[in-house]
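J.: I'll drop the sequence and a predicted model, then ask my questions.
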Amino acid sequence: MHDLLNSFTTELRRGTLTLAVLSQLDSPQYGYSLVQCLEQSGVAIEQSTLYPLLRRLEKQELVTSSWDTTESRPRKYYVLSDKGKQVLIELKNEWDKMSGELNLLLKGAKINEMD
């Protein structure tokens, strides 16, 4: 049962990570700062998950990136594009709708009867 629960939890997280990442890119962030910001909010994300996600979002034209080479260590910064801002608004609306619907369903569920 533990493996099954882990599998479902992973599926739930995968669907929400895109929304979480987009929500933090209204101002430019580099990868490590984004990981820290998300973790401070309770959203754990591995760098091995984040960077492929950022590349995919950039390919989908939801974020843009630029290199800052003014420091001794160059950093790639990501920020929402105009398209990304619109998608974020629509995803947030969909999240609000879905979470409200699920909360209604779950409040009616009788968990102790399901055991």
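T.: Cool, got the structure.
J.: Could you look up the SS state of R14?
T.: When classified by DSSP: H, G, I helix; E, B strand; the rest coil, R14 comes out as helix.
J.: Buried residues, stretch 81-100. List them.
T.: Using 16 or more other C-beta atoms under 10 Å as the test for burial, stretch 81-100 gives 81, 84, 87-88. For glycine as for every other residue, the C-beta is placed from the backbone atoms N, C-alpha and C.
J.: same thing with stretch 46-61?
T.: Across stretch 46-61, burial judged by 16+ other C-beta under 10 Å covers 50, 53-54, 57-58.
J.: Just the closest of the residues you listed to K92, please.
T.: L57 (15.6 Å; C-beta to C-beta).
J.: and R75, what does it touch?
T.: Contacts for R75 (C-beta atoms under 8 Å, 6 or more residues apart in numbering) come out as 30, 67-68.
J.: Repeat the analysis, applying 10 Å as the threshold.
T.: Shown in contact with R75 (C-beta atoms under 10 Å, 6 or more residues apart in numbering): 28-33, 66-69.
J.: for those residues, which one is nearest K97?
T.: Using C-beta to C-beta, these come closest to K97 at Q29, 27.3 Å.
J.: And the closest one, how close does it get to E61?
T.: Look at Q29 and E61: by C-beta to C-beta, to the nearest Å, they are 18 Å apart.
J.: Settle this for me: Y77 is touching Y30, isn't it.
T.: Yes. The pair Y77 / Y30 is scored as a contact, 5.1 Å apart, by C-beta atoms under 10 Å.
J.: Now the common contact residues for those two.
T.: Shared contacts of Y77 and Y30, defined by C-beta under 10 Å, 6+ apart, are found at 65, 67-68.
J.: returning to what we had before: so which of the buried residues of stretch 46-61 comes closest to V21?
T.: For the buried residues of stretch 46-61, the nearest to V21 is L53 (6.0 Å; C-beta to C-beta).
J.: Report all helices and strands that the helix or strand hosting T64 contacts.
T.: According to DSSP states H and E, T64 maps onto strand 63-68. When contacts are defined as 3 or more C-beta pairs under 10 Å, 6 or more residues apart in numbering; DSSP states H and E, strand 63-68 sits against strand 29-30, helix 47-59, strand 75-80, helix 82-108.
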